[in-house]
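A.B. asks: no FASTA, just this:
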């Protein structure tokens, strides 16, 4: 469906440019958009590499295990069916930490591994467990202290104050996360 929508816009833009006799604008937009996209890719690749490296160092240095241990009270509340020493908790903690720092792309590998481990605890393989639903809820709302990727985008595109959105971002993600947790807890165990 999304491919169809994007295809419609691209073909519509080309046909509009041809109909109006302004194919020069279409050509400039394609070249300029490609250049801008590549500049953004290189900027974000550097940010991703740095933070992914930091998370890998934290994992190898035992910081993720320590974080998971420190998060036991929260994990017990959110995931009461997941045993304390289960590998899923470590991946969930790494995912939460990356999301908290606004590193959604760095959180993805840990999130995928968390779901894989949660699936091992699942007795009904074709149906999501309460822990899986809670994890997806918290992951999707992703409480963020600093949205590093948004700050990088704003800085790349010339914002005079790229960090001015931090307070609003914290408030918005806190509200969505708490609302999601409340809804998941209220619906927990219902079919």
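C.D. replies: Perfect, I can see it now. Because the structure is a prediction, the values reported are computed rather than measured.

A.B. asks: mind listing what's buried along stretch 19-38?
C.D. replies: Going by neighbour count (16 or more other Cβ atoms under 10 Å), the buried part of stretch 19-38 is residue 26. (C-beta placed from N, C-alpha, C; glycine too.)

A.B. asks: chain center to it: distance?
C.D. replies: Chain-centre distance of stretch 19-38: 31 Å, with Cα atoms, centre = their mean, to the nearest Å.

A.B. asks: show me the contact partners of that stretch.
C.D. replies: Contact with stretch 19-38 is made by 13-14, 17-18, as judged by Cβ atoms under 8 Å, 6 or more residues apart in numbering.

A.B. asks: in the protein, which helix or strand is least confident?
C.D. replies: Using mean pLDDT, DSSP states H and E, helix 148-156 stands out as the lowest-scoring helix or strand of the chain, at a mean of 78.

A.B. asks: what packs against that helix?
C.D. replies: helix 23-60 (3 or more Cβ pairs under 8 Å, 6 or more residues apart in numbering; DSSP states H and E).

A.B. asks: could you check the angle the helix it packs on makes with helix 148-156?
C.D. replies: Using axes from the mean of the first three to the mean of the last three Cα atoms, to 10 degrees, the inter-axis angle of helix 23-60 relative to helix 148-156 is 140 degrees.

A.B. asks: what pLDDT is listed against the closest residue to residue 81 other than its chain neighbours?
C.D. replies: Spatially, and ignoring its direct neighbours in sequence, residue 81 is nearest to residue 131 (5.4 Å; Cβ to Cβ, 6 or more residues apart in numbering). Looking at residue 131, its pLDDT stands at 92.

A.B. asks: give me the distance from the helix or strand harbouring residue 131 to the chain's centre.
C.D. replies: Per DSSP states H and E, residue 131 falls inside helix 130-141. The chain centre lies 12 Å from the centre of helix 130-141; the measure is Cα atoms, centre = their mean.

A.B. asks: likewise for stretch 5-20?
C.D. replies: 31 Å.

A.B. asks: for that stretch, list every residue counted as buried.
C.D. replies: residue 17.

A.B. asks: next SSE downstream of the helix or strand harbouring residue 73?
C.D. replies: In the assignment (DSSP H and E), residue 73 maps to helix 72-78. Following helix 72-78 in sequence order, the next helix or strand is helix 87-100 (DSSP H and E).
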